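S.K.: below are the sequence and a predicted model for it; my questions follow.
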Amino acid sequence: MSSTVQGHCDPAFAGVREVFEANFAEGRELGAAVAVYAGDRKVVDLWGGVADRRTGRAWQPDTPCFGFSCTKAVTAAAALLLAERGAYEVDGPVTDWWPEFGAAGKDGATAAHLLSHQAGLPAFARPVSAEEAADAPARAAELAAQEPEWAPGEAHGYHALTYGWLAGEIVRRHSGGRTVGAFVKDAFARDLDLWVGAPDSVIERAARLSSGRRSGGGADAPKTTEPDVLTRLAEAYLDPGSLMNRSLNNPDPGKGGYNNPVVLRAGWPAAGMTATAPALAGFYRDLVAGRILRPDTLREAVRPRVGGPDRTLLVRSSFGLGFMRPSQTFFTPRAGRESAFGHTGAGGSIGLGDPEAGLALAYLPNLMGDQASGDLRAYRLTQAAYASLA
């Protein structure tokens, strides 16, 4: 047994532990945690390494970690729960409840467009600071007035950060003005160590992110290993004028990147969740079990709404209503090709659920992977979890 890795692993899921230990042994990790549920049974709860490279603080069983775009699935669940309660129609016009959104030719937009990266607003038209990004109503109003890159519904492109203020406005306007973080805590995360907008007491004990080869505060990049695609992606990521660069890097998280307390407290609804791996896996466990959304609501939510070339990420992506489906941006083993859903996050994190397999998984690292070269840590862990079910 590795001295780095601690925790519980059911013998049937020993393969997950082996992969997790190998990641540390081969220098792919600084600190990380992985958790797996088979039905309601927690079969994997492992952690290891260093939570803060500066101080050498060890990762503990209750160490939370920033989850980047894994947040989007949580925000989507909140919005879908309000639709399930009858607050609005997912396929109805946004202007029914947000009249200002119809500006600049966006009057045909539906809530489904906002939730499936079809709104045509993948990037702000101007630089936005971390302090400005903390004002969710103002950022939503800014996007409502903005001219779209394409007419809503005519194409899809990953809304890396703007997604949060679009989907988040669904929650705010239909929950009595509550933030996504407040609604999530009240509705389905009261007993989970999961926050969209962390209190200072959580920030103090959270893992501190460290850069791998990729620096700064970028969000998600596609996970692919094809050399020609990698070249194209690297060029687009570094081009300040590209839609990818503008989408992934604005708002700027400021000093300290995504360790900046201003960002952690604000809880950007697209990339602002801090959670433990068991809590994020517990979120998917509860989704799969029908405890957050009704089974019919979840089936409709994970039904692919868009698929194919992504105008932002430049590879093939597939999305339901806020959830990624298997594609070049959401690698899943063959066993989970049809029924797996979830969301990846920058640097290699993932949350995944699979109703057919009865599986829920979360992996949260603090060493940012070089996704432009194909960060496969999460895939290998997911592959081992599926193999353990056989």
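M.R.: That came through, no problem.
S.K.: poorly predicted segments of the stretch 1-150 of the chain, please.
M.R.: Counting by pLDDT under 70, the stretch 1-150 of the chain shows low-confidence ranges at 1-3.
S.K.: which residue ranges of it form helices?
M.R.: 14-25, 71-84, 111-115, 130-133, 136-145 (DSSP state H, counting those that start in this stretch).
S.K.: residues contacting the first one, please?
M.R.: I take that to be helix 14-25. For helix 14-25, the external contacting residues (CB atoms under 8 Å, 6 or more residues apart in numbering) are 1-2, 4-5, 9, 29, 32, 34, 36, 44, 46, 48-49, 377, 380-381, 383-385, 387-388. C-beta coordinates here come from the backbone N, C-alpha and C atoms, glycine included.
S.K.: pull out the buried members of the residues you listed.
M.R.: 4-5, 9, 29, 32, 34, 36, 44, 46, 48-49, 377, 380-381, 383-385, 388 (16 or more other CB atoms under 10 Å).
S.K.: including distance to Leu367 and mean neighbour count, could the helices of the stretch 1-150 of the chain go into a markdown table?
M.R.: Listed next are the helices of the stretch 1-150 of the chain as a markdown table, based on distance: least, CB to CB, whole Å; neighbours: other CB atoms under 10 Å:
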| stretch | distance to Leu367 | mean neighbour count |
| --- | --- | --- |
| helix 14-25 | 10 | 20 |
| helix 71-84 | 19 | 26 |
| helix 111-115 | 31 | 27 |
| helix 130-133 | 22 | 18 |
| helix 136-145 | 30 | 19 |
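S.K.: distance to Ala360 added to these, as TSV?
M.R.: Below are those laid out as TSV (distance: least, CB to CB, whole Å):
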stretch	distance to Ala360
helix 14-25	13
helix 71-84	12
helix 111-115	21
helix 130-133	30
helix 136-145	29
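S.K.: wait, doesn't Val43 sit right on Pro11?
M.R.: No. With contact defined as CB atoms under 8 Å, Val43 does not reach Pro11; the gap is 9.5 Å.
S.K.: neighbour count: these two, which is higher?
M.R.: Higher neighbour count among Val43 and Pro11: Val43, with 21 against 8, using other CB atoms under 10 Å.
S.K.: and the closest residue to the more buried one other than its chain neighbours, what does it touch?
M.R.: Of all residues not flanking Val43 in the chain, Asp10 sits nearest, at 4.0 Å (CB to CB, 6 or more residues apart in numbering). Contact analysis of Asp10 by CB under 8 Å, 6+ apart lists 38, 41, 43-44.
S.K.: out of the contacts of helix 14-25, name the ones that lie in strands.
M.R.: Mapping these onto strands (DSSP state E) picks out 5, 9, 32, 34, 36, 44, 46, 48-49.
S.K.: so Gly351 lies in a strand, does it not?
M.R.: Yes. Membership of Gly351 in a strand is supported by DSSP: H, G, I helix; E, B strand; the rest coil.
S.K.: roughly how far does it sit from Leu287?
M.R.: According to CB to CB, to the nearest Å, Gly351 and Leu287 sit 10 Å apart.
S.K.: ditto for Glu169
M.R.: 22 Å.
S.K.: now Ile350
M.R.: Look at Ile350 and Leu287: by CB to CB, they are 15 Å apart.
S.K.: show me the residue sitting in the middle of the chain in space.
M.R.: Nearest to the mean C-alpha position of the chain, by CA atoms, centre = their mean, lies Cys70 at 1.8 Å.
S.K.: which residues does that residue contact?
M.R.: So Cys70 contacts 273, 275, 280, 342-345, 349-351, 362, 364 (CB under 8 Å, 6+ apart).
S.K.: still on that earlier bit, can you report phi and psi for the residue nearest to Val43?
M.R.: Backbone torsions for Asp10, taken as degrees, to the nearest 10, come to phi -60, psi 140.
S.K.: over to Thr274?
M.R.: Per degrees, to the nearest 10, the backbone of Thr274 is at phi -120, psi 130.
S.K.: what pairs with it across the strands?
M.R.: Taking DSSP bridges as the rule, Thr274 bridges to Phe66, Trp195.
S.K.: what pLDDT is listed against the residue nearest to Ala133 when sequence neighbours are not counted?
M.R.: Distances taken as CB to CB, 6+ apart put Pro251 closest to Ala133, at 4.0 Å, once the chain neighbours are dropped. The model reports Pro251 with a pLDDT of 98.
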